[in-house]
Each structure stands twice: as structure tokens, then as C-alpha cells.
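K.L.:
Okay, structure incoming, though there's no sequence with it:
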């Protein structure tokens, strides 16, 4: 299949060059893939913000529906409103990294093309970061859109939202603290420090960067919703094969975490890593995978927590033999 060429429209250079003590430039990255039904609402919610100094970058990641046509129509209506990049489908993480490289802003945030910003979303987060110069990234909450119905259901209650002053990597791993990643606004400098998103991952762009941020950044929480997060059939229907992929990436995130200086958390990480191996093995019994990968998961589980893994191993031995036959 011939790769679709990358293209970018001409953006207003006066905005890029503009500096303002009151409104530092904010780059907003919108990776779009097959969200024709929602992408107009997403982009409009950004263009309607009460914050003028926005560098909006919309990346069409190889959509096969009418997403591209809808974005192009918006671009004609707002010719200086955003940069538009079209590219062959390479996945969310590569699209985000491309957006970060193109970003001119002092601050960066990203929003999925089926979500929307609440009024005042950018201004509130910028003001928070300006009041707290030692904070690298601020996360917040969201309201849920159920298909096309806006609700007052709020994601992430305060008692579980991550803050560097209250939590550690251990709290993230054990679920005592959580980060609602789409709500984040980052200083560009922290992305440069972390070298963007890890492109070894394809589906879970947020899991591994949670841990890196907890280790190397100062994180704060803004106790109010800043966006709408959409739930619909496209993001709630998960096939067994996709569950396997997500489990692989959760395992990889914990394995990579062990490569950092995390000796004080090592026992916790290995305990949860063993649990992830076991979950992967259970899922693999329902989904065809290479038996070599299955055995490798058992071997790693035994290495991380020998006693627990052995009990699990013997309880499933007959099933594994049947699968391998």
C-alpha cells in the first residue's frame, strides 16, 4: 500500500512569533483518526476558548472516513485558526510525538478528536501553571459525554487524583492515586526532558509516562473539570485480542519502570508485575497466542514472585498442556 504523503497548511506566523506576558503560547495537539462524527465539535471547542494565544495542531492520522473532509471544511472557515497535518496511519503515539516536535508553545496539551474542551479550559490551566512555577504539569477532571449527551458525571474525584506533594510511583501502581491524562497541561520542557512518548507502545500512551512523570516531574491537580470525555461504542467495545495488547503494554510499562532508579519500589513493582503476567496468561487461554510467549510469561512470573506464580502454574497446568497440544 502506497504511503499517504504528509502535508501541512500554512499557519499564521504572527501568532507563532507572538509573545505575551499575560497569555503565553499554548500548543494544543489533536490527533484525529476516524472520528468524523465528533471532530468538528472537538476543534470548535478549542477555537471558541477565551484564550487567544493558541497554537492548534490537528493531525489526521490516516483516517478512512470523512474526518479529513470535515477538518478541511473547518480550515476553510478558519483559515488562520490551526495547522493541519495529514499523514499515513502510524498510531496515536507517533502522532502525538509529531505534534510535540511541531509545537511552538511554552505549554502543551492534547485532546482526542472525539472529546471537547469546556469553556475557560485553557485559561484556567495556564493561570494555575503561572501561579505555580515549580509545577511541570497540571491535571484536572472531566465531565462525561455519553455518546452525544453531555452529563454532569465527573471523572476522577479529588481523593484519588495524583499530586507530587502527596503521592509516589507506588501510589500510582497500587491504584491509590490516578492521573486522568487527557486533562493535562504540560510545560514543553518536561516533554523535552522525557523525550516525548515512548514509541515502543501503540495503545497505552499514558501508562508509561505516568511513571516517568511521577519520577522526574512535579505534578499538581486542579480540582475542577476542564473538558468533556466522550464514551461511545468506539472506545468501550474491547475485543479479547485488544485486551491482550493492552495487557502486554501494561507489562512492558512495569518492566521499563524497573530500569529506572526505583529500588525503594522494587518489591511493589515486582508484585504487580507478577499479577500482570498472571492476568496475561489467563487472557491468553481465551485468545490464540504463540505458546512461546505464554511460557515466557510464566518464566517471568516465577522470577518475580516464585511462590505465587508456582501456585498459579500448577492450577492451570492441565489447561496449558491442552492449549499447547
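P.N.:
Alright, I've got the coordinates. Since this is a predicted model, take the numbers as computed values, not measurements.
K.L.:
The closest residue to residue 95 other than its chain neighbours in helix, strand or coil?
P.N.:
Nearest residue to residue 95 in three dimensions, chain neighbours excluded: residue 31, at 3.9 Å (Cβ to Cβ, 6 or more residues apart in numbering). All C-beta spots, glycine's among them, are computed from the backbone N, C-alpha and C. What DSSP: H, G, I helix; E, B strand; the rest coil gives for residue 31 is strand.
K.L.:
can you check residue 229 too?
P.N.:
Following three-state DSSP, we place residue 229 in the strand state.
K.L.:
Quickly list the domain ranges of the chain.
P.N.:
The chain breaks down into these domains under automatic domain parsing: 7-236, 240-320.
K.L.:
Among those domains, show the one with the smallest mean pLDDT.
P.N.:
Per-stretch mean pLDDT for the domains of the chain is lowest at domain 240-320 (a mean of 81).
K.L.:
circling back: the residue nearest to residue 95 bridge partners, please.
P.N.:
residue 59 (DSSP bridges).
K.L.:
Any idea how many residues pack against it?
P.N.:
When neighbours are counted by other Cβ atoms under 10 Å, residue 31 registers 24.
K.L.:
Help me confirm that it comes into contact with residue 63.
P.N.:
No. With contacts counted by Cβ atoms under 8 Å, residue 31 stays clear of residue 63, the gap being 10.4 Å.
K.L.:
what are the ranges of the helices in the stretch 151-300 of the chain?
P.N.:
For the stretch 151-300 of the chain, helices defined by DSSP state H, counting those that start in this stretch occupy the ranges 169-174, 188-194, 207-216, 233-236, 240-257, 266-284, 291-304.
K.L.:
Pull the distance from the fifth one to the chain's centre.
P.N.:
Relative to its chain's centre, helix 240-257 lies at 14 Å (Cα atoms, centre = their mean, to the nearest Å).
K.L.:
same check, this time on the first one
P.N.:
For helix 169-174, the separation from the chain centroid amounts to 17 Å (computed by Cα atoms, centre = their mean).
K.L.:
Not counting that helix itself, show me its contacts.
P.N.:
For helix 169-174, the external contacting residues (Cβ atoms under 8 Å, 6 or more residues apart in numbering) are 162, 177-179, 210-211, 214-215, 254, 257, 262, 265, 268-269, 272.
K.L.:
Quick one: residues contacting residue 151.
P.N.:
Taking Cβ under 8 Å, 6+ apart as the contact definition, residue 151 lies against 143, 144, 145.
K.L.:
quick one: which of these has the most company?
P.N.:
Top of the contacts of residue 151 by neighbour count (other Cβ under 10 Å): residue 145, with 21 neighbours.
K.L.:
Quick check: beta-bridge partners of it?
P.N.:
Residues in beta-bridge contact with residue 145 (DSSP bridges): residue 150, residue 230.
K.L.:
thought it was touching residue 227?
P.N.:
No. Using Cβ under 8 Å, residue 145 makes no contact with residue 227, being 9.8 Å away.
K.L.:
any residues in contact with both of the two?
P.N.:
Counting by Cβ under 8 Å, 6+ apart, the contacts common to residue 145 and residue 227 are 115, 116.
K.L.:
Quick check, central residue of this structure?
P.N.:
Centroid-nearest residue in the chain: residue 206, 3.7 Å away (criterion: Cα atoms, centre = their mean).
K.L.:
burial measure for the nearest residue to that residue once chain neighbours are set aside, as a count.
P.N.:
Spatial nearest neighbour of residue 206, chain neighbours left out: residue 181 (3.8 Å); criterion: Cβ to Cβ, 6+ apart. As a burial measure, residue 181 scores 16 neighbours (other Cβ under 10 Å).
K.L.:
And for the one 5 residues further on?
P.N.:
Other residues within reach of residue 186, judged by other Cβ under 10 Å, total 26.
K.L.:
do the same with residue 159
P.N.:
8.
K.L.:
Ok, residue 261 next?
P.N.:
Neighbours around residue 261, by other Cβ under 10 Å: 7.
K.L.:
Next one: it relative to residue 215, how far apart?
P.N.:
Distance from residue 261 to residue 215, counting by Cβ to Cβ, to the nearest Å: 8 Å.
K.L.:
do the same with residue 77
P.N.:
43 Å.
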